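Q: What follows is a predicted protein model with its sequence.
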Amino acid sequence: MTKSSNPPSSGLPRREFLKTAGAGLAALPLLSRNAFAGGSDKLKVGLIGCGGRGTGAAMQAIRADSGVVLWAMGDLFANRLASSYEGLSSNFPDQVDVPSERQFVGFDAYLKVIEECDVVLLTTTPAFRPMHIAAAVEGGCHIFAEKPVAVDAPGARSVLASARKAKAKGLSLASGFCWRADNCLRAGYDRILAGDIGEVRHIHATYLASELWYKKRQPEWSDMEYQLRNWYYYTPFSGDHIVEQAIHSVDKILWAKEDSPPIYATAMGGRQVRTNPKYGNIYDHFGVVYDWADGTQGFLQTRQQNGCHGENLDRVVGSEGIAHIDGWQQKFAIRGVKSWDFAGESNDMYQTEHDELFAAIRSGLAMNQGDEMVQSTVAALMGRMSAYTGQRITYQQAFESQENLLPKEWVFGEGIEVSIAMPGRTKFL
Ligand SMILES: NC(=O)c1ccc[n+]([C@@H]2O[C@H](COP(=O)([O-])OP(=O)(O)OC[C@H]3O[C@@H](n4cnc5c(N)ncnc54)[C@H](O)[C@@H]3O)[C@@H](O)[C@H]2O)c1
């Protein structure tokens, strides 16, 4: 493993990087990549992005299938990889086999992991997800991809194209919209979709949370390293908190609407408390109204401010009843003509996501959540775009947006320039 915390960069422009990735990987042997049906053969799993969620996802993959071996790991930073490896190898000595020659650091680490593995867990900073998904599909890997799957529309379109390729190749593509794997919510949303609250008239969702972590600048860090270590605060890297965190609520709003996309979003937001320049350019609150052609509306309120009331609730109002959902408390209650309370067995939704992915891989019947993962990501982008510009934004506009937020090349050195969006002045591109 490269020990430097300033990994060498490829120095390639972003689009060139992707093209090169594709070209290089096209030559990989694909024969055995999706041939695990019914067997107990070893499944070589690679972790790309060894942070909090990635380390958790690797544990869940290991627990999901006794044939799983964590086989390669990649991260931008050696210290993140090392601490993840330490935890995983000491807890799962029989299913972690990642010697230093399969520990990769740097912007091109993902290519090396993909080359070594049958399944990859894509859990980096969101900005890289479209590039990593494209390369993994090209390389013939089954994929678990954390949400959000893109920070801009070019990324979303790329993921949709990759999802279609994955389908054609019989590769599984599972998403990190974890609430979709929660027993309590599954049982409740099944009832909503079966008509137990009548026609859905409106949906109200809240994601009211606190501020997150901040990584103090170290003298040896370049501007880009500093920004990437604090990726959360930069819209080009995280998508802003409506796309990175409250996207779970957006996803649940769409779930109640049978995954039909809203026609437009009208949003507002701002940066009221988290104003220090060290917090990059993201907002600290948003309010969005989503509209569907049939008159249904979805309302989302989200904030990340300390010292305030916190909750993560969804309320789905129908013509014959109201569903009250408290995900954090695992509570789902319907009040109305068909009142109901969830009283089933609760589960670890993160584990279920992986249990289902690995069962699909073993069954030979690939699962593909590409359409839903892109749609929920675009719906979250609509909210951000509308709040940033002050304009009403249609789903089509958001999906076709030409705004490319990513830097021209991924290289440590100069940072990216960001500005704080000003509604009415910031242009929709
Ligand atoms: N589904 C959920 O409930 C849930 C929960 C937490 C996080 N997440 C998602 O998981 C992702 C990661 O979040 P996290 O909390 O683990 O963040 P994190 O900062 O702890 O981990 C991200 C890791 O990726 C590495 N990384 C960044 N760019 C990379 C690249 N190009 N190549 C290789 N490694 C790279 C970072 O160095 C870091 O170690 C985010 O998309 C986040 O939204 C989902």
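A: Perfect, I can see it now. What you see is a predicted model, and the numbers here were worked out from it, not measured in a lab.
Q: And the helices in the stretch 1-150 of the chain?
A: Using DSSP state H, counting those that start in this stretch, the helices of the stretch 1-150 of the chain run over 14-26, 52-64, 78-91, 109-116, 129-138.
Q: CSV please, covering the ones you listed and showing mean neighbour count and distance to Tyr234.
A: C-betas here are computed from N, CA, C, even on glycine. Listed next are the helices of the stretch 1-150 of the chain as CSV, based on neighbours: other Cβ atoms under 10 Å; distance: least, Cβ to Cβ, whole Å:
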stretch, mean neighbour count, distance to Tyr234
helix 14-26, 16, 15
helix 52-64, 21, 18
helix 78-91, 17, 18
helix 109-116, 24, 20
helix 129-138, 27, 15
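Q: how far does the one helix or strand Leu185 maps to sit from the chain's center?
A: Element membership of Leu185, judged by DSSP states H and E, is helix 183-193. Centroid displacement of helix 183-193 relative to its chain, using Cα atoms, centre = their mean, to the nearest Å, is 22 Å.
Q: Does the ligand have contacts with it?
A: No. Counting by Cβ under 6 Å from any ligand atom, no contacts exist between helix 183-193 and the ligand, the nearest distance being 13.1 Å.
Q: what's the helix or strand following that helix in contact with?
A: Later in the chain than helix 183-193, the nearest helix or strand by DSSP H and E is strand 200-209. Identification of contacts with strand 200-209 by Cβ atoms under 8 Å, 6 or more residues apart in numbering yields 192, 245-246, 248-250, 252-253, 256-257, 295-304, 308-319.
Q: Strand 200-209 vs helix 183-193, what angle?
A: Inter-element angle recorded for strand 200-209 and helix 183-193: 150 degrees (by axes from the mean of the first three to the mean of the last three Cα atoms, to 10 degrees).
Q: Just the closest residue of the stretch 51-200 of the chain to the ligand, please.
A: Using Cβ to the nearest ligand atom, the single residue of the stretch 51-200 of the chain nearest to the ligand is Gly51, 1.8 Å away.
Q: Next: the stretch 201-350 of the chain.
A: For the stretch 201-350 of the chain, Cβ to the nearest ligand atom, closest residue to the ligand: Glu244, 4.9 Å.
Q: hang on, the earlier thing: contact partners for the residue of the stretch 51-200 of the chain closest to the ligand?
A: Asp75, Arg80, Ser84, Thr123, Thr124.
Q: Make TSV from those and add distance to the ligand and pLDDT to it.
A: Below are the contacts of Gly51 laid out as TSV (distance: Cβ to the nearest ligand atom, whole Å; pLDDT from 0 to 100):
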residue	distance to the ligand	pLDDT
Asp75	4	98
Arg80	3	98
Ser84	7	98
Thr123	5	98
Thr124	4	98
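Q: Next, give me the two most distant ones among those.
A: Ser84 and Thr124 (12.2 Å; Cβ to Cβ).
Q: ranking the helices of the stretch 1-150 of the chain by mean pLDDT, which is last?
A: Among the helices of the stretch 1-150 of the chain, helix 14-26 carries the lowest mean pLDDT, a mean of 30.
Q: which of the contacts of strand 200-209 are buried?
A: 192, 245-246, 248-250, 252-253, 256-257, 296-298, 300-304, 312-318 (16 or more other Cβ atoms under 10 Å).
Q: Go through those residues and flag which are in helices.
A: Ile192, His248, Ser249, Val250, Lys252, Ile253, Ala256 (DSSP state H).
Q: mind putting these in JSON lines, pLDDT included?
A: Formatted as JSON lines, those follow (pLDDT from 0 to 100):
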{"residue": "Ile192", "pLDDT": "98"}
{"residue": "His248", "pLDDT": "98"}
{"residue": "Ser249", "pLDDT": "98"}
{"residue": "Val250", "pLDDT": "98"}
{"residue": "Lys252", "pLDDT": "98"}
{"residue": "Ile253", "pLDDT": "98"}
{"residue": "Ala256", "pLDDT": "98"}
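Q: Which member of those is positioned nearest Leu185?
A: Looking across these and measuring by Cβ to Cβ, the closest to Leu185 is Lys252, at 7.6 Å.
Q: now that closest one, nearest residue through space, not along the chain?
A: Asp314 (5.2 Å; Cβ to Cβ, 6 or more residues apart in numbering).
Q: And for Ala398?
A: Here the residue nearest Ala398, using Cβ to Cβ, 6+ apart, is Met382, at 4.2 Å.
Q: can you tell me which residues contact that neighbour?
A: Met382 makes contact with Pro262, Tyr264, Ala265, Ala267, Val288, Tyr290, Ile393, Thr394, Tyr395, Gln397, Ala398, according to Cβ under 8 Å, 6+ apart.
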